[in-house]
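In: got a predicted model here, sequence first, then my questions.
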Amino acid sequence: MKKIVLFTFLAFSLVSCSNDEEPSLDDQNPTETIYFPNNGSDVWETKSVSELGWNQNKLQPLLDYLELKNTKSFIILHNGKIVVEQYFGNHTATSPWYWASAGKTLTTAVSGIAEQEGLININNKVSDYIGTGWTSAPLVKENMITCKNLLSMNSGLDDTLGDDVSPSNLQYIADAGLRWAYHNVYVKMQDVVAQASGQSWSNYFNTKLRDKLGMSGLWIQDGGLSVYWSNTRSMARFGLMIYADGKWHSSQILNENFLNAATTTSQNLNLSYGYMWWLNGKTSYRLPQTQFQFTGTLIPNAPSDMYAALGKNDQKIYVVPSKKLVIIRMGDSADNSNFALSDFDNALWGKINELTN
């Protein structure tokens, strides 16, 4: 049986314990403050499965399933403290891996920071910041596209033309706000922030977000797009800041009002989409590369208040305020290649529920 990387403070942490036998930590200490690891340190405080009243017997089946499904790393935080941290194969705590589209939420966060600094207003048109001619749409149509449209994926630009975001490939298909489509045109928000700040995107990102959270990582160009790479704990740091309503220790990194808007429905076309965050618990959802609307909630097995950053080939950040959880998964595709949501999400949440309930 493979070794479990499981942290514990109490000698009885390896004893199987159910919720019936011991009340959860939420019940014992509902006002417990959020824990943040220090910057520049590898120390990260921990809790045990038993301490939380979770089912110890379900941990190894969860880890076995993750390994079977091509996972490279997996972390569960409870109120900021590490409960489970596991690396598979040759992947280690220092190994970098790509966030894919889960990294879209980094662009969301930095856009919010730029707005709170007065550099941009997401309700303004994109051309206010990067000039006209950034698309091939008629000028009157281009000028309808706001920064909020980019964040909400309803720019009205044709999503069927591939990843290229040069003007010739950004073509009009519908008026902004009238069509939801998962589109790489969101990266124009990075240009907006760069122009408004007078800095490169990477410099502004590093100064305003990465370094303040003590994250590692960098943006790497991949087919004309910037893809973020980091170790797993850096992804966990970002997820923790989001869970903490934009705070890191005593500093408000991201305005709470903006974050609330980012993690609620941003338009009336895809109820399960905010500002590049996927939202659970809604009555319908749409997926990349289709205009079909699916009835029901995004991930039925997940808590209704869960929201997620979902990246190609099953890169995941799950945030669950009601359960005080942040969950990270990095790796290769669990099954088939995918752009965001996959069948793996619901199956994984079934295993997580067996552990935590």
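Out: Cool, the structure landed.
In: got the phi and psi for the closest residue to S230 other than its chain neighbours?
Out: The shortest distance from S230 to any residue other than its chain neighbours is 2.9 Å, reached at G217 (CB to CB, 6 or more residues apart in numbering). Heads up, the C-betas are built off the backbone N, CA and C, glycines and all. In this entry, G217 is assigned phi and psi values of phi 110, psi 170 (degrees, to the nearest 10).
In: separation between G217 and N123?
Out: Separation of G217 from N123 (CB to CB, to the nearest Å) stands at 30 Å.
In: which of those two has more neighbours?
Out: Set G217 next to N123 and count neighbours by other CB atoms under 10 Å: G217 wins out with 21 against 10.
In: which residues touch the more buried one?
Out: Counting by CB atoms under 8 Å, 6 or more residues apart in numbering, G217 touches P96, R210, Y228, W229, S230, N231, S234.
In: which of the residues you listed lies closest to N270?
Out: Y228 (23.5 Å; CB to CB).
In: now do the contacts for that closest one.
Out: When contacts are counted by CB under 8 Å, 6+ apart, Y228 touches Y98, W99, G103, L106, G217, L218, W219, I220.
In: pipe those residues into CSV and attach distance to S272, pLDDT and secondary structure per row.
Out: Compiled in CSV, the contacts of Y228 are given as follows (distance: CB to CB, whole Å; pLDDT from 0 to 100; DSSP: H, G, I helix; E, B strand; the rest coil):
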residue, distance to S272, pLDDT, secondary structure
Y98, 24, 97, strand
W99, 20, 98, coil
G103, 19, 98, helix
L106, 20, 98, helix
G217, 27, 97, coil
L218, 31, 97, strand
W219, 27, 97, strand
I220, 29, 96, strand
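In: give me the low-pLDDT residue ranges for this structure?
Out: Confidence mapping of the chain against pLDDT under 70 gives the ranges 1-31.
In: which residues in it form strands?
Out: Counting by DSSP state E, the chain has strands at residues 71-78, 81-87, 97-98, 218-222, 225-230, 247-248, 251-252, 278-279, 284-286, 293-295, 307-311, 315-320, 325-331.
In: parallel or antiparallel, list what pairs with the longest one.
Out: Neighbouring strands of strand 71-78 in its sheet, by DSSP bridges, are strand 81-87 (antiparallel), strand 325-331 (antiparallel).
In: could you single out the most deeply buried of those?
Out: Per residue and on average, the most neighbours among these fall to strand 325-331, with a mean of 25 (mean count of other CB atoms under 10 Å).
In: now it against strand 225-230, angle please.
Out: With axes from the mean of the first three to the mean of the last three CA atoms, to 10 degrees as the criterion, the two stretches strand 325-331 and strand 225-230 enclose an angle of 110 degrees.
In: list the residues that contact the residue nearest to K47 when sequence neighbours are not counted.
Out: Counting by CB to CB, 6+ apart, the nearest residue to K47 once its immediate chain neighbours are dropped is K81, at 4.7 Å. The neighbours of K81, taking CB under 8 Å, 6+ apart as the test, are Y35, W44, E45, T46, K47.
In: hmm, G281 is touching M306, no?
Out: Yes: here G281 lies in contact with M306, judged by CB atoms under 8 Å, at a distance of 7.3 Å.
In: so the two - more neighbours on which side?
Out: Looking at G281 and M306 with other CB under 10 Å, you find the greater number of neighbours at M306, namely 24 against 16.
In: the more buried one and N313, how far apart?
Out: In this structure, M306 and N313 are separated by 20 Å, where distance is defined by CB to CB.
In: A194 too?
Out: Here the criterion is CB to CB. By it, A194 lies 28 Å from N313.
In: circling back to that earlier point, name the nearest of the contacts of K81 relative to L170.
Out: Sorting those by how near they are to L170, with CB to CB, puts W44 at the top with 42.2 Å.
In: show me the contacts for L119.
Out: L119 makes contact with V193, A196, S197 under the criterion CB under 8 Å, 6+ apart.
In: could you report the neighbour count for D335?
Out: The number of residues near D335, taken as other CB under 10 Å, comes to 13.
In: then the one 10 residues further on?
Out: Residues within reach of D345, counting by other CB under 10 Å, total 26.
In: can you check I242 too?
Out: Other residues within reach of I242, judged by other CB under 10 Å, total 25.
In: how about it, what does it touch?
Out: Per CB under 8 Å, 6+ apart, neighbours of I242: T105, A109, L254, L259, T263, I317, V319, V326.
In: can I get those in JSON lines with distance to S73?
Out: Compiled in JSON lines, those are given as follows (distance: CB to CB, whole Å):
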{"residue": "T105", "distance to S73": "18"}
{"residue": "A109", "distance to S73": "21"}
{"residue": "L254", "distance to S73": "25"}
{"residue": "L259", "distance to S73": "25"}
{"residue": "T263", "distance to S73": "24"}
{"residue": "I317", "distance to S73": "12"}
{"residue": "V319", "distance to S73": "17"}
{"residue": "V326", "distance to S73": "14"}
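In: closest to T132 among the residues you listed?
Out: For the contacts of I242, the closest approach to T132 (CB to CB) belongs to A109, at 27.5 Å.
In: hmm, back to that, between the contacts of Y228, which is nearest T290?
Out: Comparing every one of these with T290 (CB to CB), the shortest separation belongs to G103, at 22.4 Å.
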